[in-house]
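Visitor: Give me coordinates for this.
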Amino acid sequence: MAGLRLSLAGLALGFGVYFLLYSMRAMGAGDVKLMAALGAMVGWQDWAGIFLITAIIGGFASLALMTLRGRVKKTLWNVGFVLSEMKSGRAAYLANEELDVRSGKALGMPHGAVIAAGTLVFLAMSAHFAA
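Guide: The predicted structure follows:
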């Protein structure tokens, strides 16, 4: 029963966090399902570690991608716009189609690959520090 509770807590956390991102149209539904399944497999505590490492790797990948695509200024403007819209309680994608992950105008990054990298790094670090 303890394992079932741990698994359900991981599923709920993974689903909840990524569903929030999905509802803001910042992630796709596949990413929600992947992180929910991952949470169910590893439990909520390890999921939180995987999420943190995934966020760090995703941040570095985003910096590299925006630099390679020559979109540093536009991306920083978009981040400021998203934050100002969030502060006002509005969805940023309503005013700027480029900020909707479902739009063909959006620049995307394969987040599933970032999740996989974050998971592998977390597992490697866990094995290294457990030994």
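
Visitor: Surely His111 is in contact with Met27?
Guide: Yes: His111 is within contact range of Met27, at 6.4 Å (criterion: CB atoms under 8 Å). (Each C-beta comes from the backbone N, C-alpha and C, glycine too.)

Visitor: who has more neighbours, these two?
Guide: His111 (22 against 19; other CB atoms under 10 Å).

Visitor: Now do the same contact list for the nearest residue to that one once chain neighbours are set aside.
Guide: Excluding the flanking residues, the one nearest His111 by CB to CB, 6 or more residues apart in numbering is Asp31, at 5.0 Å. Contact analysis of Asp31 by CB atoms under 8 Å, 6 or more residues apart in numbering lists 18, 21-22, 111-112, 115.

Visitor: what do you get for Arg71?
Guide: Arg71 neighbours (CB under 8 Å, 6+ apart): Leu107.

Visitor: Could I get the phi/psi values of it?
Guide: Per-residue torsions, Arg71: phi -120, psi 30 (degrees, to the nearest 10).

Visitor: quick one: it and Gly49, what's the gap?
Guide: Distance of Arg71 to Gly49, given as CB to CB, to the nearest Å: 31 Å.
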